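>>> Structure for the following, please:
(one chain, ligands or ions: 2)
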Amino acid sequence: MIKIQNLVKTFGVCKAVDDLSLDVAAGEIFGFLGPNGAGKTTTVKILSGIMAPTSGRVLVAGFDVTREPLSAKRLIAYIPDEPFVYPKLTGFEFLRFLGDLYDVPYSEQIRRIPELLETFELSLQGGELLESYSHGMKQKLLIAGMLLRKPKVVLFDEPTVGLDPKSIRRFKTLLSEMAGNGAAIFMCTHILEMAEKLCTSVGIIHNGRLIAKDTVAAVKQLVTGPAQKSLEDVFLELTK
Ligand SMILES: Nc1ncnc2c1ncn2[C@@H]1O[C@H](COP(=O)(O)OP(=O)(O)O)[C@@H](O)[C@H]1O
Ligand SMILES: [Mg+2]
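Ligands and ions are numbered 1, 2, ... in the order given. Below is the predicted model of the structure:
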């Protein structure tokens, strides 16, 4: 569902992404791990179509994101690390806007938007302007908007930063359900424990290069030693 082929992105002399190739299948939850500045956000921005690659290409459900951006973007939901919402819309209006933009039928919007606001405990604030929302509330609203659309490919950049523990628990369940329904999920995360529990496979990026990609169990075998290693041990060893 997601295909990244020989992707390179340079900013001046900085090579943020250096010849990255990887695939994520439908139903897979892929955890993209790496230290600060490794190139994770740059990679998802290119996957979402908001940043152009220097070379190489990315395909979503067979569509080249650079050449066929509208076809690709119809299938993609992108939840950035800094949630962007229009400050002068209310939560309800923002979801209606997303619903219209992505051709969700009106009757379905009217039924599901209140349910989604309820799910994320935003019912009381649904009529308030988004400029009054906290970081976590904006993030929950974007996740609600993603669920309204039922995307085939979901890109998350550090999705749980700003969420409270109850929302994180709900988020994990939702992620598993979406993958169960056939979505491909690409998630950048610093939270290795979450990656270990939730992801069907993980990749580790370091200085723009992919240094490991496999199931969590197989990645853990990459670093040998007398003791049982956690994903955290392996991550720190590989990126030191
Ligand atoms: N717009 C930009 N202009 C210049 N350099 C950038 C830009 N975006 C990212 N970089 C650089 O690219 C590298 C990778 O950044 P990023 O993809 O944000 O890393 P991560 O998300 O893994 O922390 C860093 O060295 C960062 O400084
Ligand atoms: Mg980042």
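>>> For this structure, which segments count as helices?
For the chain, the helices defined by DSSP state H cover 40-48, 69-75, 91-101, 106-119, 135-149, 165-180, 192-198, 216-220, 231-238.
>>> With just CA atoms, put the shortest one into CSV.
As requested, C-alpha coordinates have been extracted for helix 216-220 and formatted as CSV (Å, rounded to 0.1, in the frame of the first residue of the first chain):
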residue,chain,number,x,y,z
VAL,A,216,9.9,-6.3,16.4
ALA,A,217,11.1,-9.9,17.4
ALA,A,218,13.6,-10.0,14.5
VAL,A,219,14.9,-6.5,15.2
LYS,A,220,15.5,-7.5,18.8
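>>> Pull out the buried positions in that helix.
Buried residues in helix 216-220, counted by 16 or more other C-beta atoms under 10 Å: 216, 219-220. C-beta coordinates here come from the backbone N, C-alpha and C atoms, glycine included.
>>> before we move on, back to that, Serialize the helices of the chain to CSV and add fields for mean pLDDT and distance to Met1.
Below are these laid out as CSV (pLDDT from 0 to 100; distance: least, C-beta to C-beta, whole Å):
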stretch, mean pLDDT, distance to Met1
helix 40-48, 97, 11
helix 69-75, 95, 9
helix 91-101, 97, 21
helix 106-119, 96, 24
helix 135-149, 93, 16
helix 165-180, 89, 11
helix 192-198, 86, 18
helix 216-220, 87, 20
helix 231-238, 87, 24
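>>> could you dump these to a markdown table with distance to ligand 1?
Below are the helices of the chain laid out as a markdown table (distance: least, C-beta to the nearest ligand atom, whole Å):
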| stretch | distance to ligand 1 |
| --- | --- |
| helix 40-48 | 3 |
| helix 69-75 | 19 |
| helix 91-101 | 25 |
| helix 106-119 | 28 |
| helix 135-149 | 17 |
| helix 165-180 | 20 |
| helix 192-198 | 14 |
| helix 216-220 | 18 |
| helix 231-238 | 13 |
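>>> which residues sit in contact with the residue positioned nearest the centre of the chain?
A centroid search over the chain (C-alpha atoms, centre = their mean) returns Phe156, at 1.4 Å, as the residue closest to the centre. For Phe156, the contact set (C-beta atoms under 8 Å, 6 or more residues apart in numbering) comprises 44, 79, 185-189.
>>> Kindly provide the distance from it to ligand 1.
From Phe156 over to ligand 1 the distance is 12 Å, taken as C-beta to the nearest ligand atom, to the nearest Å.
>>> any idea how far ligand 2 is from that residue?
11 Å (C-beta to the ion, to the nearest Å).
>>> Same check on Pro69?
From Pro69 to ligand 2 the distance is 22 Å (C-beta to the ion).
>>> What is the nearest of the buried residues of helix 216-220 to Lys40?
Val219 (16.1 Å; C-beta to C-beta).
>>> can you tell me how far the closest residue to that closest one other than its chain neighbours sits from Ala38?
Of all residues not flanking Val219 in the chain, Ala212 sits nearest, at 5.2 Å (C-beta to C-beta, 6 or more residues apart in numbering). When distance is defined by C-beta to C-beta, to the nearest Å, Ala212 is 12 Å away from Ala38.
>>> Would you mind listing the residues in contact with Glu93?
The contact partners of Glu93, by C-beta under 8 Å, 6+ apart, come to none.
>>> measure it to Ala77 for me?
Glu93 sits 19 Å away from Ala77, going by C-beta to C-beta.
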